[in-house]
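# 3D, please:
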Amino acid sequence: MEACTSLRELNAARDSFLQQKPKTQWIAEGDNNTAYFLGNLLTQINATNITLIPKCETPTSVKHFRPSACCNLIYKTISKLLGLKLKHFMFGNDLLMFCKGNAQSVMLLMRAFSSFPKASGLSMNNSKYEVYFNGMEEVLRSDIKQVTGFIEGSMPFRYLGVLIQVGRLTKKECNVLTEKMVIRIRSLGAKKLSYAGRLTLINSVLNTLNNYWASMFIIPKSVIKRIERSCRNFLWDGSSEYHRVPLVAWEKVTLPKDEGGLGIKKADIWNVAAVAKLVNWIYSKSDRLWIRWINQIYIKNLDGLDYNPPTDATWSWKCICKVKE
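Predicted structure coming up:
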């Protein structure tokens with residue numbers, strides 16, 4: 001019994017030591033299984049193809065592409081196992097960092113950037129970094145760009161597939177969402193599918209594109225109509241365009257199945273319900289960094305149910321507050 005206990009303690013100490021290694025050191029040394037995974041596997045298994053996927057319609061530089069690994073199933077399984085050993089690391093992909101618009105705050109931020117390569121063994125690619133300003137003089141902007149070496153970005157910009165902007169979300173800025181749905185409909189090639197097959201694709205494929213945006217913004221009504229029109233046309237004709245009278249009214253189609261409908265979610269109701277989840281998180285003070293910031297800056301010590309946004313609040317915050325009504 002004592003021998004088993006000692007062995008468990010030794011294994012726990014070894015794992016604790018490995019978790020404290022920098023990423024590059026762990027990859028070089030690894031644990032007891034690393035040598036087998038990296039040295040004894042067949043070449044046909046221990047290999048992958050890398051392809052570049054464009055992130056925009058007309059890419060003009062390397063930063064407009066996203067690398068994607070085309071791996072086989074065994075390779076992916078082994079990668080998942082190895083990834084569990086690296087789960088305590090934070091990677092700097094798609095990361096937004098904020099600071100005050102003064103030289104001192106920027107210098108502190110750059111000091112944190114300089115410590116990242118030392119701790120992780122990874123290097124920074126300055127060509128992929130951009131700095132954004134709001135309400136700052138041109139002289140201070142130039143000084144900050146010179147200190148950081150970053151290029152100045154313009155609003156709005158895309159982050160994790162959605163637009164980050166200052167003002168109201170307009171129909172024009174939502175074109176990317178509706179265009180994605182049209183492109184996806186054309187790629188599905190569902191002309192020969194039955195109505196049941198198209199219904200399944202609407203719920204599992206098309207609505208997921210809308211749900212992602214709907215969980216963060218109140219989408220304009222004109223865009224909601226375009227989304228529902230695309231889904232309706234796809235249901236009855238398998239394409240993005242349908243010029244005949246639908247067999248059943250859309251209001252009937254979007255009813256629950258137990259009420260005689262097909263169970264397709266109405267886009268406007270789903271949008272409000274998804275944003276209402278954010279309202280619940282905010283007023284229940286969920287343990288999330290952005291919610292703590294909202295309560296500290298906006299709500300403060302006020303009762304959330306009686307709170308009204310100030311007139312100079314952002315459009316997004318006003319929309320979230322309006323949902324609770």
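# ok, the residue lying closest to C174 once chain neighbours are set aside - how many residues close by?
With CB to CB, 6 or more residues apart in numbering as the criterion, C174 has its nearest non-adjacent residue at 4.3 Å, and that residue is V223. To be clear about C-beta, it is placed using only N, CA and C from the backbone, and glycine gets the same treatment. By the measure other CB atoms under 10 Å, the count of residues near V223 is 23.
# Ok, N210 next?
The number of residues packed around N210, counting by other CB under 10 Å, is 25.
# same thing with I185?
What I185 shows, counting by other CB under 10 Å, is a neighbour count of 24.
# Would you mind pointing out the helix or strand it falls in?
Mapping I185 onto the secondary structure by DSSP states H and E places it in helix 175-188.
# I'd like to know which elements that helix is packed against.
Helices and strands in packing contact with helix 175-188 are listed as helix 207-214, helix 221-237; criterion 3 or more CB pairs under 8 Å, 6 or more residues apart in numbering; DSSP states H and E.
# R292 is nearest to which of those?
With CB to CB, the closest approach to R292 among the helices and strands packed on helix 175-188 belongs to helix 207-214: 24.1 Å.
# what residues does the closest one touch?
Contacts of helix 207-214 with the rest of the structure, by CB atoms under 8 Å, 6 or more residues apart in numbering, involve 161-162, 174, 177, 180-181, 184, 219, 227, 231, 264-265, 267, 270-271, 274-275.
# change it to 10 Å
Outside helix 207-214, the residues within contact range by CB atoms under 10 Å, 6 or more residues apart in numbering are 160-163, 169, 174, 176-178, 180-181, 183-184, 201-202, 219, 223-224, 227-228, 230-231, 264-265, 267-268, 270-275.
# Write the PyMOL selection for whichever of these are buried.
Here is the PyMOL command that picks out the buried ones among the contacts of helix 207-214, judged by 16 or more other CB atoms under 10 Å:
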select buried, resi 162+163+169+174+177+178+181+184+201+202+219+223+224+227+228+230+231+264+265+267+268+270+271+274+275
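# Name the nearest residue to I151, sequence neighbours excluded.
E130 (5.7 Å).
# Give the burial count for the one you found, as a bare number.
Around E130 sit 13 other residues, with neighbours defined as other CB under 10 Å.
# dump the residue contacts of it.
Neighbour list for E130: 148, 150-154, 157 [criterion: CB under 10 Å, 6+ apart].
# can you put those in CSV and add pLDDT, neighbour count and distance to S284?
CSV is the format used below for the contacts of E130 (pLDDT from 0 to 100; neighbours: other CB atoms under 10 Å; distance: CB to CB, whole Å):
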residue, pLDDT, neighbour count, distance to S284
T148, 84, 18, 38
F150, 85, 18, 38
I151, 84, 12, 40
E152, 86, 13, 39
G153, 84, 13, 35
S154, 81, 8, 37
F157, 80, 11, 31
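# what about the helix holding I185, distance to the chain center?
Offset of helix 175-188 from its chain centre (CA atoms, centre = their mean, to the nearest Å): 19 Å.
# and the next element down the chain from it?
Along the chain past helix 175-188, the next helix or strand (assigned with DSSP H and E) turns out to be helix 195-201.
# right, and I151 touches S61 too?
No. Under the contact definition of CB atoms under 10 Å, I151 does not touch S61, with a separation of 11.8 Å.
# anything in contact with each of these two?
A shared contact of I151 and S61, defined by CB under 10 Å, 6+ apart, is any residue touching both; here these are S127.
# thinking again about what came up before, which one of the helices and strands packed on helix 175-188 lies nearest to T311?
The closest approach between T311 and any of the helices and strands packed on helix 175-188, judged by CB to CB, belongs to helix 221-237 at 23.3 Å.
# I'd like the average pLDDT over the closest one.
Averaged over helix 221-237, pLDDT sits at 85.
# mind checking which helix or strand the nearest residue to N308 once chain neighbours are set aside is in?
By the measure of CB to CB, 6+ apart, the closest residue to N308 outside its immediate chain neighbours is C321, 7.0 Å from it. Taking DSSP H and E as the criterion, the element that holds C321 is helix 315-323.
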